[in-house]
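Undergrad: Sequence and predicted structure below; questions after.
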Amino acid sequence: MLLASALIAGSFPIGAAAANDIAPMALNAVRFVVAACVIGIAMVLTGGASRGAWAAPWRYAVLGGVFAIYFVLMFEGLKTAAPVSAAAVFTLTPIITAGFGWALLGQVATGRILVALALGAAGALWVIFSGGAEGAGLGRGEAVYLVGCVAHALYTPLVRKLNRGERAIVFSFGTLVAGAVLLIVLGAPALAATDWGALPPRVWIAILYTAVAASAATFVLLQFATLRLPSSKVMAYTYLVPSWVIVWTLALGGGGPPAVQLVGVAVTVGALALLLRDG
């Protein structure tokens, strides 16, 4: 989950750079297809899938649909929301996930996890708002992305509820294929209207990064962790995303954060320490 949070964070600045150059439905249809191909090859090379893995295919349709909603609304939100601001919204997913985990799986967070959730949220918000409340509030982009984050929070406990013993990579492949089919069907007008030859390089960089790193790799990492950890603990690692966004911004040539934001980074690390101790 530590690695997954770093990969997820990269999709914010990279996605924001391309969000206004292509329709979110078209971009995500292509990225789901690419991710499904990558995961499919990896699945075949690591033993393939048992015949029973494709029983009850509706499970993959549900999961693929939920995750497609998240990604489409993420890119729609990034049209106007700043990457760091969107990352702040993303930090609400652990709390929502804990609620879905209780409703769907009967998972009750321990006192230590609840403290870690609160501590991580405070640290992440400190990072985003530089230790103050200036600029707080949801704009249109953040509000759209918040709806997507609810879908993301629902996805995590659904994986555990719907998995029937399939390997994480097999389950990821089925989810990605289902999501790709859904996006191709619903996004056909956007796909047809896109002038693919005229797209700037940043769009293809965004497609490849989000397909391979933020989809294929994190799908497997997320499902591997979800089958072994409580939903609230899995999603709690997302409190590191705002800090990772700062790192990505620096790596991409952006300015460094003010010193006060480092306090928030330290607090999120403290929250993770509580979670690891709980395990």
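TA: Yep, it's here. As the structure is a prediction and not an experimental result, all values here were calculated from the model. Residues are numbered from 1 along each chain as shown.

Undergrad: okay, now T226: neighbour count?
TA: 23 (other Cβ atoms under 10 Å). Any C-beta I mention is one placed from the backbone N, CA and C, and that applies to glycine too.

Undergrad: Lowest-scoring secondary structure element of this structure by mean pLDDT?
TA: Least confident helix or strand of the chain, by mean pLDDT, DSSP states H and E, is helix 231-236 with a mean of 70.

Undergrad: which helices and strands does the helix or strand that that one is followed by pack with?
TA: Next helix or strand after helix 231-236 toward the C-terminus (DSSP states H and E): helix 241-251. For helix 241-251, the elements it packs on are helix 2-18, helix 83-90, helix 111-128, helix 261-278, judged by 3 or more Cβ pairs under 8 Å, 6 or more residues apart in numbering; DSSP states H and E.

Undergrad: Just want the angle from the first one to helix 83-90.
TA: Yep, that's helix 2-18 we're talking about. For helix 2-18 against helix 83-90, the angle by axes from the mean of the first three to the mean of the last three Cα atoms, to 10 degrees is 130 degrees.

Undergrad: Going by neighbour count, list what's buried in helix 2-18.
TA: Within helix 2-18, the residues scored as buried using 16 or more other Cβ atoms under 10 Å are 4-18.

Undergrad: From the chain's centroid, how far away is it?
TA: Remark: helix 2-18 is offset 9 Å from the chain centroid, using Cα atoms, centre = their mean, to the nearest Å.

Undergrad: After it, which helix or strand is next? Please name it.
TA: By DSSP H and E, the next helix or strand past helix 2-18 is helix 24-45.

Undergrad: Could you check that following helix and say which residues are buried?
TA: 24-40, 43.

Undergrad: tell me the angle of it relative to helix 2-18?
TA: Comparing the axes of helix 24-45 and helix 2-18 via the same axes, to 10 degrees yields an angle of 150 degrees.

Undergrad: got the CA positions of helix 24-45 in PDB?
TA: Coordinates of each C-alpha in helix 24-45 appear next as PDB, following Å, rounded to 0.1, in the frame of the first residue of the first chain:
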ATOM      1  CA  PRO A  24     -12.300  11.700 -19.600                       C
ATOM      2  CA  MET A  25     -14.400   8.900 -21.000                       C
ATOM      3  CA  ALA A  26     -12.200   8.500 -24.100                       C
ATOM      4  CA  LEU A  27      -8.900   8.700 -22.100                       C
ATOM      5  CA  ASN A  28     -10.100   6.100 -19.600                       C
ATOM      6  CA  ALA A  29     -11.400   3.700 -22.200                       C
ATOM      7  CA  VAL A  30      -8.000   3.600 -23.800                       C
ATOM      8  CA  ARG A  31      -6.100   3.400 -20.400                       C
ATOM      9  CA  PHE A  32      -8.400   0.500 -19.300                       C
ATOM     10  CA  VAL A  33      -7.700  -1.400 -22.500                       C
ATOM     11  CA  VAL A  34      -3.900  -0.900 -22.200                       C
ATOM     12  CA  ALA A  35      -4.000  -1.900 -18.500                       C
ATOM     13  CA  ALA A  36      -6.000  -5.000 -19.300                       C
ATOM     14  CA  CYS A  37      -3.500  -6.000 -21.900                       C
ATOM     15  CA  VAL A  38      -0.600  -5.500 -19.400                       C
ATOM     16  CA  ILE A  39      -2.300  -7.500 -16.600                       C
ATOM     17  CA  GLY A  40      -3.500 -10.200 -19.100                       C
ATOM     18  CA  ILE A  41       0.100 -10.800 -20.200                       C
ATOM     19  CA  ALA A  42       1.300 -10.900 -16.700                       C
ATOM     20  CA  MET A  43      -1.500 -13.300 -15.700                       C
ATOM     21  CA  VAL A  44      -0.600 -15.700 -18.500                       C
ATOM     22  CA  LEU A  45       3.100 -15.600 -17.600                       C
END
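
Undergrad: what packs against that helix?
TA: Helix 24-45 packs on helix 58-77, helix 168-186, helix 188-193, helix 201-211, helix 218-226, going by 3+ Cβ pairs under 8 Å, 6+ apart.

Undergrad: Could you check the angle that helix makes with helix 168-186?
TA: 150 degrees.

Undergrad: average pLDDT for helix 24-45?
TA: For helix 24-45, mean pLDDT rounds to 93.

Undergrad: Please list the outside residues in contact with that helix.
TA: By Cβ atoms under 8 Å, 6 or more residues apart in numbering, the list of residues contacting helix 24-45 from outside reads 18, 49, 68, 71-76, 169-170, 172-173, 176-177, 179-180, 183-184, 186-187, 190-191, 193-194, 203, 206-208, 210-212, 215-216, 219-220.
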